[in-house]
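Chemist: model the structure of this input:
(2 chains)
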Amino acid sequence: MDILNAAVAILNFVVIPAAAYGAQLALGALGVTLIYGILRFSNFAHGDTMAFGTAVTILATWGLQALGITLGPLPTALLALPVGIAATAAMVLATDRTVYRFYRAQKAKPIILVMASVGVMFLMNGFTRLLIGVDEQRFADGERFIINVRDFREMTGLQEGLALKTTQGLTIVIAVIVVWALFWFLNRTKSGKAMRAYSDNEDLALLSGIDPEKVVRMTWIIAAALATIAGTLYGLDKAFKPFNYFQILLPIFAAAIVGGLGNPVGAIAGGFLVAFSEVAITYPWLKIAGYLFPDWQPGGLLQLLGTEYKFAVSFVILIVVLLFRPTGLFRGKSV
Amino acid sequence: MSTNRQAASASIWRAPVLFAILAALFVLEGTVRNGMFSGSWNTSLAMLNMGLISAITALGVNMQWGYAGLFNVGVVGFLALGGLAPVLISTQPVEGAWQAGGTRVLIALAVAIGTLALAAQARKRLPRWRSLAVTLVLIGGFVLYRWLFDPAVTAIEANNPARHGNIGGLGLPVLLSWAVGGVFAAAAAWAVGKVALGLRSDYLAIATLGIGEIIVAVLKNEDWLARGVKNVTSIPRPVPFEIQLQRNPEFVEFAQSWGFTAAAGSGVWVKLCYMLLFLVVLLSIILLAELALKSPWGRMMRAIRDNETAAEAMGKDVKARHLQVFILGSAVIGIAGAMMITLDGLMAPVGYNPLRYTFLIWVMVIVGGSGNNWGAVLGAVLIWFLWIKAEIWGPQLIGVLTSPMPDGDLKAHLLGSAAHMRFIAMGLVLLAVLRFAPRGLVPEK
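Modeler: Model prediction:
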């Protein structure tokens, strides 16, 4: 029994990738949940908003690289992020003005807003394709690893290696900073309090003189920033391919619903829950079983589900929550 | 669309005139040869046939949305599931596949379903230790299922993998498989609807989005079922092959009397046969749907859609009715899926793209007029025509618009990305109709 090597293998293949993926999902789910809390509909365009923001960020990155500006060991994309966020914020504010505001004024059923968001999704998808095409883009530069496998082996003398990619470390650090800033904003500033008040009780908020359009604008800007950051981190960590950003919509919705739609803490917990379940269920545990029980010769790879079915994991989590606790683990809204 | 009804002022001539314009477009495509049209009846009829299949899909979506206000975002999944039926029902049996593990796979699937049913019963019946019992049942069932399933799949896939490696069909008539496709889709709809209906309205949308992705993933990866991405070809056809017609001197003479060469004439003839079959299916579904809508059941459905609370207060079981109409609509989508695979003669799961098979269908329904069956048909065929034509017209339009620009990177980029304009155009059409004419081209009566 080789506990040390097993622990390193678990850390390397399960904990680190899942933590980075969880942070990306959590940032995406925060955007979905904020929009749900304030505007009260599930935004199907969120995945494509992420793709759009990332596409702009990539273009800006290429621009910076062409000018010879880089961040040294860190990816240049971080420097380009503000451009992406600004463009995405302008874009979602424009869609709010031209599309959603009309239905809000009409007090249309939520499902009509969902459908309008599908139209916006088409538009965003088209713009992203126009900007950057449908092919895979890799735009990570700078140092690739914080810890690489060989150094780790030499350092510890263990048989099992451990790698921590810069993008993974960065994802977690940035996610912590962004979440801290978001909660500080929601809990400490006047605008943030106005947002929470509006989310809790619209009528009461209106009576206390909160300007609903201002709250809505702020929500969109924050959601755009979260979407762009989440999308860029996801693209840095894996690769940017517009269709993947449509597919990531399902785990993001699952994360937001597990945590309770409209509840920011829930969205973060949901993001990590979905990511860890997905990675743990699709990881072949054979290697780790080999360290722990050297005498055991299992027949298969000890993989509960093939990686190609990772979306099924989000779906099952979603179904279990819908069956047993439709308002989510942290009591979201059920309007 | 219960929230924003316009005054009902549509003229009774509106639908016939629009259908006449649509017919004229297809005739132009068949006869006029210029920059905009191909002048080939083969192209025109191929577009019409695919348009008719889209129309049947749109009818299914219209039942769910137009009659009951249910937002199904997994159309692609139900279509793909329906497409599985021709492969499993009507292709020729694969030698040795059933002996290799067919029965074992069936037992494994039965164990899986039995486990879920047992878990559901345990949750409902047991007075205590409920979660523990459910967990144990699920874990035990999963282990048993994998123990039965995995060796069987390996054995089936090892059976002549270059040509088959799948379970094979039953060799039954392909028209029968259309009905089976509907049954497959209905079964999946029952499972999804049972869980997601009766909750908040967008939960159904999210759950169907998930099931759509999963069904397509299953088709791509389960090689024993339909060879996955290796595709299944040679799906039997309900109509004659072109080559048979070309060898028949009587047919060649007949084609020439209409002014076609044997090659073009046989293509047109085959497509006309398909068109007839599709029209029969389409018209029977419309007939049944119209009869249902005019019956007390149809009035009840509309009452539920327009005011759920009031209908529930009148003693209507809203959740059960929603489940019913969701299953019916999905069955129609499944039939369309089976028809599509029959028309293509090929099962290629990589082709199932949600933008094309879910969201484009939605554009068709909304543009045509949700709640009106003829509207859904009109919208489907029209949008399909435009979608295909945008591939040719889009670059031409961009070419004209950019012609005064100097040659350079920007012009090349714009010309190169003209193909993506379709998505922007469709998004704009959907948003514009939703906002300015929410009742569509042919509004509900």
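Chemist: now do the contacts for the residue of the stretch 151-300 of chain B found nearest chain A.
Modeler: Here the residue of the stretch 151-300 of chain B nearest chain A is B:Gly210; by Cβ to the nearest Cβ that distance is 3.8 Å. All C-beta spots, glycine's among them, are computed from the backbone N, C-alpha and C. Counting by Cβ atoms under 8 Å, 6 or more residues apart in numbering or on different chains, B:Gly210 touches A:Leu250, A:Ala254, A:Phe311, A:Ser314, A:Phe315, A:Leu318, B:Gly74.
Chemist: now the helix or strand hosting it: buried residues?
Modeler: Assigned by DSSP states H and E, B:Gly210 falls within helix B:201-221. The neighbour-count check on helix B:201-221 (16 or more other Cβ atoms under 10 Å in any protein chain shown) flags B:201-220 as buried.
Chemist: got it, and stretch A:95-113?
Modeler: A:95-96, A:99-100, A:102-104, A:108-113.
Chemist: and if you look at stretch A:319-335?
Modeler: A:Ile319, A:Val321, A:Leu322, A:Pro326, A:Thr327, A:Gly328, A:Leu329, A:Phe330, A:Gly332, A:Lys333.
Chemist: quick one: which two of those residues are the most distant?
Modeler: Distance extremes for the buried residues of stretch A:319-335: the farthest pair is A:Ile319 and A:Lys333 at 19.7 Å, using Cβ to Cβ.
Chemist: quick one: low-confidence ranges for the chain?
Modeler: Here I'm looking at chain A. Residue ranges of chain A with pLDDT under 70: A:1, A:331-335.
Chemist: my bad, the chain I had in mind was chain B
Modeler: Along chain B, the parts satisfying pLDDT under 70 run over B:1-10.
Chemist: how about residue 96, nearest residue that isn't a chain neighbour?
Modeler: Going with chain A. A:Trp220 (5.4 Å; Cβ to Cβ, 6 or more residues apart in numbering or on different chains).
Chemist: I was after chain B.
Modeler: B:Asn159 (5.1 Å).
Chemist: for A:Lys310, see how far away the one you found is.
Modeler: 29 Å (Cβ to Cβ, to the nearest Å).
Chemist: now do A:Gly299
Modeler: The value you get for A:Gly299 to A:Lys310, if Cβ to Cβ is used, is 23 Å.
Chemist: next: B:Asp223.
Modeler: B:Asp223 is 19 Å from A:Lys310, by Cβ to Cβ.
Chemist: higher neighbour count, these two?
Modeler: A:Lys310 (21 against 18; other Cβ atoms under 10 Å in any protein chain shown).
Chemist: so who does that one touch?
Modeler: A:Glu278, A:Ile281, A:Thr282.
Chemist: secondary structure element for it?
Modeler: Here A:Lys310 is assigned to helix A:310-324, by DSSP H and E.
Chemist: what segments of the stretch 1-150 of chain A are helices?
Modeler: A:3-10, A:16-39, A:46-66, A:77-95, A:101-106, A:110-132, A:149-156 (DSSP state H, counting those that start in this stretch).
Chemist: need the contact partners of the next helix or strand after the last one.
Modeler: In this case it means helix A:149-156. On the C-terminal side of helix A:149-156, the closest following helix or strand by DSSP H and E is strand A:164-165. Residues from elsewhere that reach strand A:164-165 (Cβ under 8 Å, 6+ apart): A:Ile16, A:Arg144, A:Phe145, A:Ile146, A:Ile147, A:Asp237.
Chemist: same check on stretch B:340-352?
Modeler: B:49-50, B:53, B:76, B:79-80, B:82-87, B:174, B:177-178, B:216, B:219-220, B:226-229, B:231-235, B:237-238, B:274.
Chemist: which of these are buried?
Modeler: B:49-50, B:53, B:76, B:79-80, B:82-87, B:174, B:177-178, B:216, B:219-220, B:226-228, B:232, B:235, B:238, B:274.
Chemist: does A:Leu304 touch A:Leu286 like I think?
Modeler: No - applying Cβ atoms under 8 Å as the test, A:Leu304 and A:Leu286 come out as separate, 12.0 Å apart.
Chemist: chain B contacts on the stretch 201-335 of chain A?
Modeler: Taking Cβ under 8 Å from any Cβ of the partner chain as the criterion, the stretch 201-335 of chain A approaches chain B at residues A:246-247, A:249-250, A:253-254, A:257, A:300, A:306, A:308-309, A:311-312, A:314-315, A:318-319, A:322-323, A:326, A:334-335.
Chemist: just the buried members of the residues you listed?
Modeler: A:246-247, A:249-250, A:253-254, A:257, A:309, A:311-312, A:314-315, A:318-319, A:322, A:326.
Chemist: picking that back up, most tightly packed of the helices of the stretch 1-150 of chain A?
Modeler: Ranked by average neighbour count under the criterion mean count of other Cβ atoms under 10 Å in any protein chain shown, these are headed by helix A:16-39 at a mean of 27.
Chemist: the inter-axis angle of that helix versus helix A:77-95?
Modeler: 30 degrees (axes from the mean of the first three to the mean of the last three Cα atoms, to 10 degrees).
Chemist: and helix A:16-39, C-alpha only, in CSV?
Modeler: In CSV, the C-alpha atoms belonging to helix A:16-39 read as follows (Å, rounded to 0.1, in the frame of the first residue of the first chain):
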residue,chain,number,x,y,z
ILE,A,16,-6.3,20.1,-9.3
PRO,A,17,-8.2,19.8,-12.6
ALA,A,18,-11.5,19.7,-10.7
ALA,A,19,-10.7,22.7,-8.6
ALA,A,20,-9.7,24.8,-11.7
TYR,A,21,-12.8,23.6,-13.6
GLY,A,22,-15.0,24.2,-10.6
ALA,A,23,-13.7,27.8,-10.3
GLN,A,24,-14.6,28.4,-14.0
LEU,A,25,-18.0,26.9,-13.5
ALA,A,26,-18.6,28.9,-10.4
LEU,A,27,-17.8,32.1,-12.1
GLY,A,28,-20.2,31.2,-15.0
ALA,A,29,-22.9,30.1,-12.6
LEU,A,30,-22.6,33.3,-10.6
GLY,A,31,-23.5,35.2,-13.7
VAL,A,32,-26.5,33.0,-14.4
THR,A,33,-27.7,33.2,-10.9
LEU,A,34,-27.3,37.0,-10.6
ILE,A,35,-29.3,37.5,-13.8
TYR,A,36,-31.9,35.1,-12.5
GLY,A,37,-32.1,36.9,-9.1
ILE,A,38,-32.6,40.3,-10.7
LEU,A,39,-34.2,39.7,-14.0
